[in-house]
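1. sequence plus the predicted model coming up.
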Amino acid sequence: SSGINAEYGELQQLGILSSAEGKSVIKTRTDFEYKMRRRISKKQDFIRFIDYEMKLEKLKQSRISKLGLNDVSEGAKYRSLQRIHFIYQKCLRKYKNDVPLWIQYIKYCKQVSSTRSLGLAFVEALKHNPNSVKLWIMSAKNEMEINKNVSAARSIFLRSLKFNSQSPELWIEYFRLEVLHVEKLIKRKMIMGACDKPSSTVGDEFMNFKTAKIVFSNSLNCIDFNSTILAGFTDIAKKTEFNGESLLKFLYESALKQFPSNSSLWICLTEFIIAKDTNKALSILKTALGTIQTFECLKEIIIFLIAFSEKIGDIQPIISEFINNDLSSLLLDSAETVIALAEKMIQSDLSGFLPEILEVSLKQHPGNKSLWLFKIHHVSDNPVKDLEEALIVLPEDTDIWSEYLTTLFLMDSEKCREAWHSLMKKNFSASLISQYLQFVYTSYGLESTRAVFRNIQNQHTISEDVLVAMIRYEIAGETNAEVICNLFDSLTTSHCTSNNWKKYIDFCQENCPEKISSVLWKCKKVLSESQIAAIL
């Protein structure tokens, strides 16, 4: 209390705070301190207190600068900073596992250059949150960049990996540390005249990134690699000024040695090689496909060839060689892989290869509807024949039937009629029945459609789509309103939705207004007031 009074007394004497302002500050701080001491304190109370102290400190420093004061005591200058540290530490003792709060405190320590508090903050934060990758990286970077202590930074990374060995981010940052350390040593030697700019044949293994290579090799045993993770390492190697090429080569070759079945890693290596030797790059692609033997690998290779077609030249003979030599031996895990590849090839004017690709794909997955439909829409010379083949393996698939009957209607109406009559003897989906009704209406007119509709009523449960379609045909044929109202009665009885009742009421308003009252009476019996209000 005496310390606080002395602090305010000095601030008031120097004209930094007025008497009223001093009293206001004491009252506000007292209120916050009571909240901090409550049995059930809230984190937000601590945060507000910290925010208040920071604003107060900013105001104090602004006034000291404005007044040009140089004789302010150490206590008056730094008491607020100590108080902010105290509040943070008290809050963090209660919320030990709040990583964002630790990071906020660490940033504050850096901002006010509190080196000792920063070191203690990292120790406590990591003790309570050993699985926070972000905290470990911040701690190591602090040792490397601020304290210039590579050994301490390395030690932090080694400890962090005991808790988080499967974190790609930690391995990448540890790798970065070792690469940057070697680069600094090389630059230092060059400045001191101890060596010229090193080549890839420098004898000192350490200067050839030996430690960084060990880090990378160890990471391969701990994390499941993919092209994105590899890119994190290679981006660092690409930015190195010394021996970057040899380091990149080591990264690609080591990753492929550990994960030979990962097609994206083969593509990364090819992209690295193609800038120097196109023939060698193509040879690597052939090795990749021969090693992996999947359609996924073929897809990535062809997409890569398309992307680098300007550098390679005519890629059609190369793709032809891949397809002729390896296609029949490739394993297809997913039809989506082939469809994605086929779409890319169509965009790149390479659709001439699709018949063979789709033929091999359908041999492996003859019951895949997506493959059949893609072939029929994009490749087929005889869609009726292909659809009939599809129906042999997918005899009850409504999408294939729909496509088949639509195609027949355009090409052979008599055969289409026979197919429909045969199909309607089976119990098929409402969508096909609705399509059949449309076929009859389009081909033979309203009278035949009515006869078919009556027949459907005897053999199938009438769906909403079929009733709506029949009402539409009757309205188009200017049928007697009584007949159409009967259909609407059936529709609203079996499918009682606000939308169907609205259609019924709208029809009556336009064609038979005398029925409105009875329709509304029926409507009120089955719908709520809010639904009726929305309709009207």
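-> Received the coordinates, thanks.

2. can you list the neighbours in contact with stretch 492-506?
-> Defining contact as CB atoms under 8 Å, 6 or more residues apart in numbering, one finds that stretch 492-506 is touched by 462, 464, 467, 471, 485, 488, 491, 516, 519-520, 522-523, 526-527, 531, 534-536. All C-beta atoms are positioned from the backbone trio N, CA, C, and that covers glycine.

3. any of these buried? List them.
-> 462, 467, 471, 485, 488, 491, 519, 520, 523, 527, 531, 535 (16 or more other CB atoms under 10 Å).

4. my guess is the third one meets residue 486, correct?
-> No. Applying CB atoms under 8 Å as the test, residue 471 and residue 486 come out as separate, 10.1 Å apart.

5. give me the low-pLDDT residue ranges for the chain?
-> For the chain, applying pLDDT under 70 flags the ranges 1-15, 17, 64, 69-78, 194-205, 425-430, 460.

6. could you report the separation of the one residue sitting closest to the centre of it from residue 166?
-> Taking CA atoms, centre = their mean, the centroid of the chain lies closest to residue 228, which sits 13.2 Å from it. Residue 228 sits 15 Å away from residue 166, going by CB to CB, to the nearest Å.

7. same question for residue 176.
-> The value you get for residue 176 to residue 166, if CB to CB is used, is 18 Å.

8. then residue 470?
-> 62 Å.

9. have a look at these two and say which one is more surrounded.
-> Higher neighbour count among residue 470 and residue 166: residue 470, with 25 against 11, using other CB atoms under 10 Å.

10. ok, the more buried one - contacts?
-> Shown in contact with residue 470 (CB under 8 Å, 6+ apart): 437, 449, 453, 487.

11. let's verify the third one: helix, strand, or coil?
-> Spelled out, it's residue 453. Under DSSP: H, G, I helix; E, B strand; the rest coil, the three-state class of residue 453 is helix.

12. the helix or strand harbouring residue 92: what's the following helix or strand?
-> Secondary structure from DSSP states H and E places residue 92 in helix 74-94. On the C-terminal side of helix 74-94, the closest following helix or strand by DSSP H and E is helix 99-111.

13. who's in contact with residue 220?
-> Taking CB under 8 Å, 6+ apart, we find residue 220 in contact with 254, 255, 258, 259.

14. can you report how many residues lie near the first one?
-> Same thing as residue 254. By other CB under 10 Å, 18 other residues sit near residue 254.

15. the stretch 351-500 of the chain: helices as residue ranges?
-> Assigned by DSSP state H, counting those that start in this stretch, the stretch 351-500 of the chain shows helices spanning 354-364, 369-378, 383-393, 398-411, 413-423, 430-444, 446-459, 464-476, 481-494, 498-511.

16. format the ones you listed as CSV; extra columns: distance to residue 35.
-> Shown next, in CSV, are these (distance: least, CB to CB, whole Å):
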stretch, distance to residue 35
helix 354-364, 68
helix 369-378, 62
helix 383-393, 73
helix 398-411, 65
helix 413-423, 76
helix 430-444, 65
helix 446-459, 75
helix 464-476, 62
helix 481-494, 63
helix 498-511, 54
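
17. I'd like to know which of the ones you listed lies nearest to residue 113.
-> Among these, the nearest to residue 113 by CB to CB is helix 369-378 (62.6 Å).

18. which neighbouring elements make contact with that closest one?
-> helix 335-347, helix 354-364, helix 383-393, helix 398-411 (3 or more CB pairs under 8 Å, 6 or more residues apart in numbering; DSSP states H and E).

19. need the ones you listed in CSV with mean neighbour count and distance to residue 159, can you?
-> CSV is the format used below for the helices and strands packed on helix 369-378 (neighbours: other CB atoms under 10 Å; distance: least, CB to CB, whole Å):
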stretch, mean neighbour count, distance to residue 159
helix 335-347, 17, 42
helix 354-364, 18, 50
helix 383-393, 17, 59
helix 398-411, 18, 58
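
20. so residue 315 makes contact with residue 304?
-> No. Counting by CB under 8 Å, residue 315 stays clear of residue 304, with 9.8 Å between them.

21. hmm, residue 229 is touching residue 166, no?
-> No. If you go by CB under 8 Å, residue 229 and residue 166 don't touch, sitting 11.2 Å apart.

22. what touches both of the two?
-> residue 223.

23. for residue 20, grab the count of nearby residues.
-> Residues within reach of residue 20, counting by other CB under 10 Å, total 8.

24. and what of residue 81?
-> 16.

25. against residue 349, how distant is residue 285?
-> 21 Å.
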